[in-house]
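Asks: What follows is a predicted structure for the sequence shown.
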Amino acid sequence: MKKINVRKTDSFLHYYSQFKMIAESIYEWENLPDSCNQKFLEKTLFYDGKACFVKHPLNDSIINLKCTPQGQINIYDEPIAWRAYSYNFNEVYDEENIVIVHNNPIEKSTESIIIFYCEKIAEIEETININLACQKTPFIILCDEKQRLTLKNLYEQYQGNAPVIYGNKNLTEILENFKVVSTNAPYLADKLYEQKIKYINELLNILGIETNPSEQKKERLITDEVNANNEFSFFSNEMFLIYRQKATNELNKKYGLNVVVKKREFEGV
């Protein structure tokens, strides 16, 4: 049987787009020069795991672009030059004239993290749909080919809540000679849904959005487990902010700016 490409399913595309919108909206950059573009900056970090700030060679305006290492590396395994590029722009800058923004310590793209979880979430969503469909057809009727149409009509009347089902004198013989086989499909949708929510919450925590599991779930965890989970979530999502702040500190120092990056606050949430 050919395996379904889960990335092409409606479930995957739905959750991918939802988490992409969240990921690119979490951080707010204040006091950026007008020549910069926050949307493009976060989009670059989402896809590439790194971005940069440089001065435009024609007018000295500060701009944010995509970037890739260029040339040799120093003793700390860091590039001594970078190629800053975008549409209609391609220039090489040495390390003294560029500020690199890392998405996290390993320059992992946010997209790769979201794809990892969305594949799992979509797989569960597809399995839930299959399991629910099995509940709609919990048994199979085995009968002679000549009897199939009669039994099909009878079942349609049964399924349609007909108050009375009428049959001819041969119906008794037909009913005595067909067999019903149960598919024995267990109802798993509730357990699968619980696992799906677990993956969603885990991804949201990594992105920097705190989730509140039910009190019942909390009671099942011992204190050490709760603390470990909290620490994992904290360090996972704080890395995104810490490395953005590191870049703003360097940017402010190099160009005399007052740029601040912080998590966006949503009123009423």
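Replies: In hand now; what should we look at?
Asks: How far away from the center of its chain is stretch 11-21?
Replies: Taking the mean of its C-alpha atoms, stretch 11-21 sits 6 Å from the chain's own mean (CA atoms, centre = their mean, to the nearest Å).
Asks: pLDDT on that stretch, on average?
Replies: The average pLDDT for stretch 11-21 rounds to 95.
Asks: who touches that stretch?
Replies: By CB atoms under 8 Å, 6 or more residues apart in numbering, the surrounding residues in contact with stretch 11-21 are 6, 46, 111, 114-115, 117-119, 121-122, 125-126, 200, 203, 207. Quick note: C-beta positions are derived from backbone N, CA and C, even for glycine.
Asks: from those, which two are the most distant?
Replies: 46 and 126 (25.5 Å; CB to CB).
Asks: which among the contacts of stretch 11-21 end up buried?
Replies: 6, 46, 111, 114, 117-119, 121-122, 125-126, 200, 203, 207 (16 or more other CB atoms under 10 Å).
Asks: Could you tell me which of those residues belong to strands?
Replies: Per DSSP state E, strands hold no members of these.
Asks: Kindly indicate which of those residues lies nearest residue 253.
Replies: residue 46 (26.0 Å).
Asks: which residues touch that closest one?
Replies: Residue 46 is in contact with 20, 23-24, 103, 109-111, counting by CB under 8 Å, 6+ apart.
Asks: which residue sits closest to it, ignoring its sequence neighbours?
Replies: Nearest residue to residue 46, sequence neighbours excluded (CB to CB, 6 or more residues apart in numbering): residue 110, at 4.6 Å.
Asks: I figured the one you found hits residue 22, correct?
Replies: No: using CB atoms under 8 Å, residue 110 is not in contact with residue 22, being 9.9 Å away.
Asks: Identify the contacts common to those two.
Replies: With CB under 8 Å, 6+ apart, residue 110 and residue 22 have common neighbours residue 207.
Asks: Show me which of the two is the more surrounded one.
Replies: Between residue 110 and residue 22, counting by other CB atoms under 10 Å, residue 110 is the more crowded of the two (24 against 16).
Asks: hang on, the earlier thing: would you format the buried ones among the contacts of stretch 11-21 as JSON lines with pLDDT included?
Replies: What follows is the buried ones among the contacts of stretch 11-21, written out as JSON lines (pLDDT from 0 to 100):
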{"residue": "6", "pLDDT": "82"}
{"residue": "46", "pLDDT": "97"}
{"residue": "111", "pLDDT": "97"}
{"residue": "114", "pLDDT": "96"}
{"residue": "117", "pLDDT": "96"}
{"residue": "118", "pLDDT": "96"}
{"residue": "119", "pLDDT": "94"}
{"residue": "121", "pLDDT": "96"}
{"residue": "122", "pLDDT": "94"}
{"residue": "125", "pLDDT": "92"}
{"residue": "126", "pLDDT": "88"}
{"residue": "200", "pLDDT": "94"}
{"residue": "203", "pLDDT": "93"}
{"residue": "207", "pLDDT": "89"}
